[in-house]
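Visitor: This is the structure alone, sequence omitted:
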């Protein structure tokens, strides 16, 4: 009877389908998660880089606007002084009285 039982349950060869199933499961879950993590990290880095570039451009624009304002004010003051000087020469005034603002010492 013992032989019958041994023949009824022949010894199995090692089954590797369990390991293949586990590795396939890990591959199809971990690899997409890693890819998603890499993409999210890259998108955050790109977003911060673009935000930095926009802030730099905005700062440059503000700097140029301030420079233009200063240049315009300086040009207005220079042209105003030049007009006063020319007017004084036309009226034959040797020492024209300067505007009070120009006589002030800072």
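Guide: Happy to help now that I have it. All values derive from a computational prediction rather than experimental measurement. Residues are numbered from 1 along each chain as shown.

Visitor: CA only for contacts and neighbour counts going forward, please
Guide: Noted.

Visitor: Okay, helices next: where are they in this protein?
Guide: Here the chain has its helices, by DSSP state H, at 2-8, 17-90, 100-103.

Visitor: quick one, which of the ones you listed is packed in tightest?
Guide: Of those, the one with the most neighbours on average (mean count of other CA atoms under 10 Å) is helix 17-90, at a mean of 12.

Visitor: mean confidence score for that helix?
Guide: The pLDDT scores in helix 17-90 average 90.

Visitor: Return the list of helices and strands in contact with that helix.
Guide: When contacts are defined as 3 or more CA pairs under 8 Å, 6 or more residues apart in numbering; DSSP states H and E, helix 17-90 packs onto no helix or strand at all.

Visitor: What's the separation between residue 54 and residue 61?
Guide: Counting by CA to CA, to the nearest Å, the separation of residue 54 from residue 61 is 10 Å.

Visitor: Please disregard the earlier target; I meant residue 37.
Guide: Note on residue 37: its distance to residue 61, by CA to CA, is 36 Å.

Visitor: Could you do residue 80 as well?
Guide: 28 Å.

Visitor: Could you do residue 43 as well?
Guide: 27 Å.

Visitor: got it, and residue 45?
Guide: Using CA to CA, one obtains 24 Å as the distance from residue 45 to residue 61.
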